[in-house]
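Student: Structure for this input, please:
(chains A and B)
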Amino acid sequence: MGIELSWLPRGPRTLVIGFLLVCLLSVGVFVVSADSAVPDPVPFEDTRSIGFASEVHEEIDSQESVPRTQVFYSQYQYVIGYYGIETAAASFDDPAREQQFGYPIVTYVSDYADTGIELTAEGYIETDRRTEWVFAQDAVYVVDSDARTPAGSVAIPFADQEQATEFTDTYGGEVVSWDAFTAQSHDVDDASLVRDRVDSQGDTADERVTDRLQLLDRPAEITVSPDDDLQTALDTATAETTVVLDPGTYEGPININKSVTLRGHGATVEGDENGSVININAADVAVDGITVTGVGDRTRNPDVVTGDDDWDTNIELGYGHGDAAIAAVDAPGTLVTNVTVPHTDANGILLRDSNNSAVHNVAVTGTEVWRDSFMGVMIMRSSAVVEDSQFTAGRDGIYLHRSPETVIRNNDFRANRYGVHLMHTSDAMIADNTFADQEYGGVTIMTSPSRNAIVGNIVTNTSNGISTSGSYSYIAHNVAVDTRVGITTSAVSSLYEHNVVRDNEYGMRTGSVLATSTIHSNDFVGNDQHAGSSAGPLRIWADGTQGNYWEGAYGDATDGTYDRAYSPTDPVDGQLHRSTARTTVAESPVTVGLRALQGSTPGLRSGSILDPYPQTEPQNPQLYEIAEAVSEHGIDAATHNTTDSTDE
Amino acid sequence: MSTIVSTFFALFKRELKTAMRTRVYYLITVGVIGLLLALTAGGGGAATGYVPTVVDLLLPLEVLVPVLAIAIGYRSVVSDLERGELAVLKTYDVPSSVYVFAIYAGRAVVLSVILGSGLLATLLLVSFSSGPDTSIFATHTGLDSPLLFARFIVLTLVFALALLAIVLLMSVAAQSTLTAIALAVGAVVLVVVAGDAAIILGLTDGWIAEADLLNALAIAPNSAYRGAVFETVIAVTAASESGYGSPITSVAGLFAWTIFSLISATLILHRRTV
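Tutor: Below is the predicted model of the structure:
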């Protein structure tokens, strides 16, 4: 059978057979399809998941209560998990997705057929059995039913058409195919919504503070002198009136148990170095113009920590129970204004379970070594506004724990550990603050929250200028100068725009393996490394054709954009602003050709950043000047209200 | 028949023996392996997969392969000529075609071994060094696979063998080693640069229509190679688009260059030895 070779001597025969085999193999590698292997689904917790903030997670009883999707992309080595089928469908509409991840090889969704699915009265999903994974195309989807998650209404996939129809009989909605489902437009919250929210959130904060400041208009009923007993005066005062303190020193601690305003310009309330000094336990209390001293040194209360040794529980229970100059507990609508705390070994102001509070124009100073003190303002489970204040030499200037929608603006932070520190806090806004000489960092976001806005801040001389986490956040119009890392881009699916990073070791640095953020119109000047990247795919830092300004980028320019892409992580490109000789290397045909080719497989390439549209001029001239001034003369050269002077 | 076959294999073996005695080939092998590994490691593609490595190597290979073809092939015939061995062969009445194809086959094996060992070493490096960047998350390889790299190796060898045939033709045409190297370099530069340049000119002046572009690309060896790699290796993992080149026409083009050069070499040699 086959080719007759027996006429050949044995040696040559072997050679010819070998040659034919090589030919066959060569043709074979082209005949065999490269995309035949469809990967199996993985456990959802092993995917790189997006879609929910961590504190929302805790409201979810089980994995089954949210329909999930997992997608394997052709150029992306991580499996991406989406909470909610809508989140996945929305990402399919994103034009940048294909460039960064390639196309989906296979998509799996959780199948609710045969799980005994029912909805609670609120519409939350409950199942008897675990969901299995099914090919997205093989499932049908119940949309517009009563089903929902903490994030909103959800579509539910069923591998079985009949069971889907049965579900709609009970809970409403209609059954659609995968193609029909993905063809619909799916609006999921994204970072641009946070950008649109910044102004209105500022207005809301204005209203809240204006409203709180009206507490100062309460009629003065009692005037107290240093010889009187302050606590007695407070106990006898009528609610909704003002207790006025003459200048002088008053003995504390005191308790305020009714809705009064305590005013004392020039008055000092002196604690006994044991416990909190002014304790507020009623709604709508205002403290105005008082200096507070003699704060106890207990920073937390281990006695309130019960059983659960989860580190987070420990913090939540313990941190909110330390000593403070002013401690408002279960006291919604508290106003603290014109207050000075010249020294505290613990907290300055503590707001625990006190929503709708405002801290306005206060100054808190901690200790020489930050370890010896605690938080300037400790906000625990309270939504508040903190503005126009000064925090010096504490552990954290302002510490937030599960305090969503808090606004922190126009404050000045000096020599703390962190300036502003967020834990489990979403929807907050941190705007127009200045930070200098923090030991660890300016703004630090931890624990994966969502939709935070960090806008118009100036940070200098610290380790991590602005350190992000979580998702769908908006980080814009900030200036970071003289830090180790100016801004980390660890918050995913977020928007980083119009920031200026100057003279840092790293201007920006990305830590997430997920490349879903948009980073554009930032100015990178004088950094040792403009940008750095840990593991993960190639990051494209541009929005459409709008890139960033990189000192050192060059090339022919059209309309303010260089036609030569810039890669801050490239050993040649990344140092162009420091070494002119590197331009000679960069112009080698080998470099040029290689770079052009490398863009063709971005998702498979590790640890690099590329800006295809580098800008020829700084994008934020006024912030650029501020950064220059701060770099040369320190933080005091910075002018405030940077968001008002930004250049769109 | 069998004398021709045994003559062919005798000449073929002689080529291999000569090659094995040539120490500089070992040096070249080490050099090629080193260069390819360095390019792979330096390009950063190795850490992530086969296709990024192909992307890193494609452009350097377009330069390296012609240089290798010259190094291996330029003396193949002319040195026999200079040593007077061709006259001996004439005495034994060896047909020109057998001589040319045997020499070519021998050199082709040498070139394939050198280039192939470099590329296989790269394949090994990638298979060991590429892997997930983290153990926290589940990973998969996307559409990346060693199969795609194997395609790249095959296409690179086909490209190399076409260039070797052209160099061999020049070696036959040359009268001395010096003219051989000059001719070989000249021809390779012509083929490598002029082909692409002609296509660019053609597109600029408009005498290559869009419809003819894929065929034109198949005619220029470098473009044929590049187009085939784009189409059968890189485009597989990229978007669901194609049309970078026509792989079958491209490979046919490369084979055409090989066959055309070898037949021309046979004819020239035949005329000279008659």
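
Student: Spatially central, which residue of chain B would that be?
Tutor: Central residue of chain B (C-alpha atoms, centre = their mean): residue B:160, 0.4 Å from the mean position.

Student: three-state assignment of the closest residue in space to residue A:26 that isn't next to it in sequence?
Tutor: Using C-beta to C-beta, 6 or more residues apart in numbering or on different chains and skipping the chain neighbours, the partner closest in space to residue A:26 is residue B:154 (4.4 Å). From N, CA and C alone the C-beta is placed, and that goes for glycine too. Following DSSP: H, G, I helix; E, B strand; the rest coil, we place residue B:154 in the helix state.

Student: Would you confirm that residue B:154 contacts residue A:28?
Tutor: No: counting by C-beta atoms under 8 Å, residue B:154 stays clear of residue A:28, with 9.4 Å between them.

Student: Show me which of the two is the more surrounded one.
Tutor: residue B:154 (23 against 14; other C-beta atoms under 10 Å in any protein chain shown).

Student: which stretch of helix or strand covers the residue nearest to the centre of chain B?
Tutor: For residue B:160, the enclosing helix or strand under DSSP states H and E is helix B:146-173.

Student: Show me which residues of the helix or strand just after that helix are buried.
Tutor: For helix B:146-173, the following helix or strand on the C-terminal side (DSSP H and E) is helix B:177-189. The neighbour-count check on helix B:177-189 (16 or more other C-beta atoms under 10 Å in any protein chain shown) flags B:180, B:181, B:183, B:184, B:185, B:187, B:188 as buried.

Student: how about the fifth one, what does it touch?
Tutor: Read that as residue B:185. residue B:70 (C-beta atoms under 8 Å, 6 or more residues apart in numbering or on different chains).

Student: distance of it from residue A:406?
Tutor: Distance, residue B:185 to residue A:406, using C-beta to C-beta, to the nearest Å: 73 Å.

Student: what do you get for the second one?
Tutor: As judged by C-beta to C-beta, residue B:181 and residue A:406 stand 77 Å apart.

Student: Also the last one?
Tutor: Relative to residue A:406, residue B:188 is positioned 70 Å away (C-beta to C-beta).

Student: go on, the fourth one?
Tutor: For residue B:184, the distance to residue A:406 equals 76 Å [C-beta to C-beta].

Student: do the same with residue A:182
Tutor: The value you get for residue A:182 to residue A:406, if C-beta to C-beta is used, is 37 Å.

Student: picking that back up, how many degrees apart are the helix holding residue B:160 and helix B:177-189 in direction?
Tutor: Orientation check (axes from the mean of the first three to the mean of the last three C-alpha atoms, to 10 degrees): helix B:146-173 against helix B:177-189 gives 140 degrees.

Student: packing partners for helix B:146-173?
Tutor: Secondary-structure packing of helix B:146-173 (3 or more C-beta pairs under 8 Å, 6 or more residues apart in numbering or on different chains; DSSP states H and E): helix A:10-31, helix B:50-73, helix B:96-129, helix B:177-189, helix B:221-229, helix B:247-273.

Student: Let me know which of those is tucked in deepest.
Tutor: helix B:221-229 (a mean of 26; mean count of other C-beta atoms under 10 Å in any protein chain shown).

Student: Can you show me the CA trace of that helix as CSV?
Tutor: This file holds the C-alpha atoms of helix B:221-229, laid out as CSV (Å, rounded to 0.1, in the frame of the first residue of the first chain):
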residue,chain,number,x,y,z
PRO,B,221,9.2,35.9,-0.8
ASN,B,222,9.3,38.1,2.4
SER,B,223,5.7,39.3,1.9
ALA,B,224,4.6,35.7,1.2
TYR,B,225,6.2,34.5,4.4
ARG,B,226,4.9,37.4,6.5
GLY,B,227,1.4,37.1,5.0
ALA,B,228,1.3,33.4,5.7
VAL,B,229,2.4,33.8,9.3
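
Student: Just checking that helix against chain A, any contact.
Tutor: No: under the criterion of C-beta under 8 Å from any C-beta of the partner chain, helix B:221-229 makes no contact with chain A; the nearest approach is 9.5 Å.

Student: Any idea how far that helix is from the middle of the chain?
Tutor: Distance of helix B:221-229 from the chain centroid (C-alpha atoms, centre = their mean, to the nearest Å) equals 11 Å.

Student: Next: stretch A:215-234.
Tutor: Here stretch A:215-234 is found 44 Å from its chain centre; the criterion is C-alpha atoms, centre = their mean.

Student: For that stretch, give the mean pLDDT please.
Tutor: For stretch A:215-234, the per-residue pLDDT values average out at 94.

Student: likewise stretch A:504-522?
Tutor: 87.

Student: Next: stretch A:152-167.
Tutor: 90.

Student: Could I get the helices and strands packed on helix B:146-173 in CSV, plus columns for distance to residue A:516 and mean pLDDT?
Tutor: Compiled in CSV, these are given as follows (distance: least, C-beta to C-beta, whole Å; pLDDT from 0 to 100):
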stretch, distance to residue A:516, mean pLDDT
helix A:10-31, 35, 83
helix B:50-73, 21, 87
helix B:96-129, 27, 91
helix B:177-189, 47, 84
helix B:221-229, 30, 88
helix B:247-273, 35, 90
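
Student: between these, which gets nearest to residue B:18?
Tutor: Closest of these to residue B:18 is helix B:96-129, at 7.9 Å (criterion: C-beta to C-beta).

Student: now that closest one, how far from the chain's geometric center?
Tutor: 9 Å.

Student: swap in stretch A:236-247?
Tutor: 42 Å.

Student: and the residue of the stretch 101-250 of chain A nearest chain B?
Tutor: residue A:103 (5.6 Å; C-beta to the nearest C-beta).

Student: Is it correct that that residue is in contact with residue A:72?
Tutor: No: counting by C-beta under 8 Å, residue A:103 stays clear of residue A:72, with 10.2 Å between them.

Student: of these two, who's got more company?
Tutor: Between residue A:103 and residue A:72, counted using other C-beta under 10 Å, the more crowded position is residue A:72 (27 against 17).

Student: What's the per-residue pLDDT of the more buried one here?
Tutor: 87.

Student: Specify the beta-bridge partners of it.
Tutor: residue A:106 (DSSP bridges).

Student: separation between it and residue A:630?
Tutor: 46 Å.

Student: And residue A:576, by the same measure?
Tutor: Relative to residue A:630, and taking C-beta to C-beta, residue A:576 is found at 24 Å.

Student: quick one, which of these two is more surrounded?
Tutor: residue A:630 (26 against 22).

Student: what residues are up against that one?
Tutor: Contacts of residue A:630 (C-beta under 8 Å, 6+ apart): A:458, A:460, A:479, A:481, A:482, A:502, A:637, A:638.

Student: Stretch A:296-304 spans what distance, first to last residue?
Tutor: From its first residue to its last, stretch A:296-304 covers 18 Å (C-alpha to C-alpha, to the nearest Å).

Student: Run through the residues that contact the residue of the stretch 151-274 of chain B found nearest chain A.
Tutor: Nearest residue of the stretch 151-274 of chain B to chain A (C-beta to the nearest C-beta) works out as residue B:154 at 4.4 Å. Residue B:154 makes contacts with A:26, A:29, A:30, as judged by C-beta under 8 Å, 6+ apart.
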